[in-house]
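Engineer: with the input below, show me the fold.
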Amino acid sequence: MVAAFLFINSNSSIYLYNFKEYTQFLITRMDVQVITPIGGIKLGLGNNSPIGETKPGDITPIPDAPCNPKIIDLAHWAVDEYNKENKTSLKFKNVICAAKQEVSGTMYYITLEAVNGCLIGVYEAKVWVQPCSNSKKLVEFKHIRPCA
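Structural biologist: Got it, this is the predicted structure:
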């Protein structure tokens with residue numbers, strides 16, 4: 001299954017984020033009323049769920065991710081953890097968007113900007129948080145593209 005979700009930014013543009021291929025689509029027409037599932041997936045709404053209803057295991061967007069202190073802390077931690085594991089020196093810049101999935105804890109999918117030397121790049125971090133054991137794990141961290 002491909003993780004995908006909708007993100008609505010402050011300009012009301014809608015981006016479709018696909019965490020496997022990082023395909024980004026800009027939809028500028030705001031008169032669209034029905035979102036057609038891609039590959040049988042209703043984006044963050046659960047298969048066959050009415051709009052607004054989610055089920056356990058669904059990937060749901062975090063609308064305030066760029067300014068959410070918890071998501072910013074997780075993104076900063078993910079960059080630091082990646083640096084430790086790979087002996088790199090990325091510097092966290094900001095969160096672009098994020099989504100979460102409840103799976104024996106919470107899996108966070110965070111798209112962020114980080115600085116590598118003097119170049120700003122876009123990265124994806126997948127962080128698994130288990131509150132009952134007070135632990136978190138960096139599941140995946142990858143460079144997607146340079147910033148435009």
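Engineer: give the other helices and strands that the helix or strand residue 93 falls within contacts.
Structural biologist: Secondary structure assignment for residue 93, by DSSP states H and E: strand 91-102. Judged by 3 or more C-beta pairs under 8 Å, 6 or more residues apart in numbering; DSSP states H and E, strand 91-102 is in contact with strand 14-18, strand 59-61, helix 69-86, strand 106-116. All C-beta atoms are positioned from the backbone trio N, CA, C, and that covers glycine.
Engineer: and the second one, which strands flank it?
Structural biologist: Applying DSSP bridges, strand 59-61 is found paired with strand 91-102 (antiparallel).
Engineer: show me which helix or strand of this structure is least confident by mean pLDDT.
Structural biologist: Ranking every helix and strand in the chain by mean pLDDT, DSSP states H and E puts strand 24-27 at the bottom, with a mean of 36.
Engineer: circling back to that earlier point, out of the helices and strands packed on strand 91-102, which gets nearest to residue 125?
Structural biologist: helix 69-86 (3.7 Å; C-beta to C-beta).
Engineer: flag every buried residue along that closest one.
Structural biologist: Under the neighbour-count criterion of 16 or more other C-beta atoms under 10 Å, helix 69-86 has 71, 72, 74, 75, 76, 77, 78, 79, 81, 82, 83 buried.
Engineer: circling back: any chance of the helices and strands packed on strand 91-102 in a markdown table, with mean pLDDT and distance to residue 140 too?
Structural biologist: Formatted as a markdown table, the helices and strands packed on strand 91-102 follow (pLDDT from 0 to 100; distance: least, C-beta to C-beta, whole Å):
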| stretch | mean pLDDT | distance to residue 140 |
| --- | --- | --- |
| strand 14-18 | 44 | 14 |
| strand 59-61 | 94 | 14 |
| helix 69-86 | 97 | 9 |
| strand 106-116 | 96 | 9 |
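Engineer: show me the shaky parts of this structure.
Structural biologist: The model of the chain has pLDDT under 70 over residues 1-54, 148.
Engineer: circling back to that earlier point, how about the helices and strands packed on strand 91-102 in a markdown table, adding distance to residue 145?
Structural biologist: Shown next, in a markdown table, are these (distance: least, C-beta to C-beta, whole Å):
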| stretch | distance to residue 145 |
| --- | --- |
| strand 14-18 | 13 |
| strand 59-61 | 21 |
| helix 69-86 | 17 |
| strand 106-116 | 11 |
